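Student: Need coordinates for the below:
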Amino acid sequence: MIVLIPDHYKKRALPVRHVWFAERPRLRDSLLPSIYFHSQSRETIPGFSRRVRYTGLVRVDREDSELLNSFSKNTRYEIRKESAQADWAISFVEPIGIWEDGPIDCIKSGAKYYADCTVISRAVFDHEGSVEHHYVVDRKLGRSHLLRSQSDYGQCTDADKRNRFGRLNRLLHFRDMLYFRDRGVATYDLGGMANVRRGSKLGNIDGFKRGFSAQLVEESIYVSLSLVLYNRVVHQARTAA
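Tutor: Residues are numbered from 1 along each chain as shown. This is a model prediction of the structure:
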């Protein structure tokens, strides 16, 4: 379990505690401004507002070949095809403060606020594009959670290069799994799933993640009612100003 107050919340009149991967919220925290991310509980907890959150979990504590063979046929093919290329490079950085190779949008991912428990991976090919994954990691629990995946895919108009981004993204996920496994982190969290069918954007993203044979799990995000009330009062004050 990770418990911290992100730096940007420390400056607020009412600092907000972030708690990751707790089994369930503590009742006394309902009186404090708190957010519980990816709690295993699915119950209604007095003093908290609950939101359902689906995610995909992969057990990575196995041999490379066994892990790779657990993926779907297409995912295995894409990873092996990209692995055969010679013009890519993968880097890992933790904590994020020592990253020096170009700008990273850590604000959108939240990685900036979890620096002490964050890992960022980057794959670059032929100096033409990159894919990045931002993680929050609970080393004691042995779980990594994908906060954000970003790439230059959306800026690319060439069909072959767009396909290349897709293959590189799959390869980076696989290498990330091996990286965490080798450091004692056995559970790889693909960072949320919409649990909808293919055909929509979210459904296609779910399909991509299912290619890694992820187990769909229902978890919860709990927000203390004291924080809900505080945010409501602040919003009304700003609207009236």
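Student: Backbone dihedrals for the residue nearest the centre of the chain, both of them.
Tutor: Closest residue to the average C-alpha location of the chain: Leu146 at 1.7 Å, with C-alpha atoms, centre = their mean. Main-chain dihedrals, Leu146, degrees, to the nearest 10: phi -70, psi 110.
Student: Kindly report the same for Phe71.
Tutor: Dihedral angles phi and psi of Phe71 (degrees, to the nearest 10) take the values phi -80, psi 170.
Student: hang on, it packs against Ile79?
Tutor: Yes. With contact defined as C-beta atoms under 8 Å, Phe71 reaches Ile79; the gap is 7.3 Å. In this view, the C-beta of every residue, glycine as well, is placed from N, C-alpha and C.
Student: list residues touching both of the two?
Tutor: Phe174 (C-beta atoms under 8 Å, 6 or more residues apart in numbering).
Student: The residue nearest to the centre of the chain touches Ser121, doesn't it?
Tutor: No. With contact defined as C-beta under 8 Å, Leu146 does not reach Ser121; the gap is 10.0 Å.
Student: what touches both of the two?
Tutor: 133, 135.
Student: so how far is the strand ranked longest in the chain off the chain centroid?
Tutor: The longest strand of the chain (DSSP state E) is strand 48-59. Relative to its chain's centre, strand 48-59 lies at 12 Å (C-alpha atoms, centre = their mean, to the nearest Å).
Student: How about residues contacting that strand?
Tutor: Here strand 48-59 makes contact (C-beta under 8 Å, 6+ apart) with 25, 30, 36, 38, 42, 44, 145, 177, 186-195, 209-210, 212-225, 228.
Student: Next secondary structure after it?
Tutor: The first helix or strand that comes after strand 48-59 along the chain, using DSSP states H and E, is helix 64-69.
Student: Now the next helix or strand after that following helix - C-alpha only, PDB.
Tutor: Toward the C-terminus, helix 64-69 is succeeded by helix 73-83 as the next helix or strand (DSSP H and E). What follows is helix 73-83, C-alpha atoms only, in PDB (Å, rounded to 0.1, in the frame of the first residue of the first chain):
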ATOM      1  CA  LYS A  73      -1.300 -15.100 -31.100                       C
ATOM      2  CA  ASN A  74      -1.300 -11.700 -32.700                       C
ATOM      3  CA  THR A  75       0.400 -10.100 -29.600                       C
ATOM      4  CA  ARG A  76       3.200 -12.700 -29.700                       C
ATOM      5  CA  TYR A  77       3.700 -12.200 -33.400                       C
ATOM      6  CA  GLU A  78       3.900  -8.400 -33.100                       C
ATOM      7  CA  ILE A  79       6.400  -8.600 -30.200                       C
ATOM      8  CA  ARG A  80       8.600 -11.100 -32.000                       C
ATOM      9  CA  LYS A  81       8.500  -9.100 -35.200                       C
ATOM     10  CA  GLU A  82       9.600  -5.900 -33.500                       C
ATOM     11  CA  SER A  83      12.200  -7.800 -31.500                       C
END
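Student: For helix 73-83, name the packing helices and strands.
Tutor: Other elements packing on helix 73-83 under the criterion 3 or more C-beta pairs under 8 Å, 6 or more residues apart in numbering; DSSP states H and E are helix 64-69, helix 159-181.
Student: and the shortest one, average pLDDT?
Tutor: Going back to what we said before, that points to helix 64-69. For helix 64-69, mean pLDDT is 98.
Student: That helix: which residues count as buried?
Tutor: 67-68 (16 or more other C-beta atoms under 10 Å).
Student: returning to what we had before: tell me what the residue nearest to the centre of the chain is bridged to.
Tutor: For Leu146, the beta-bridge partners are Tyr135 (DSSP bridges).
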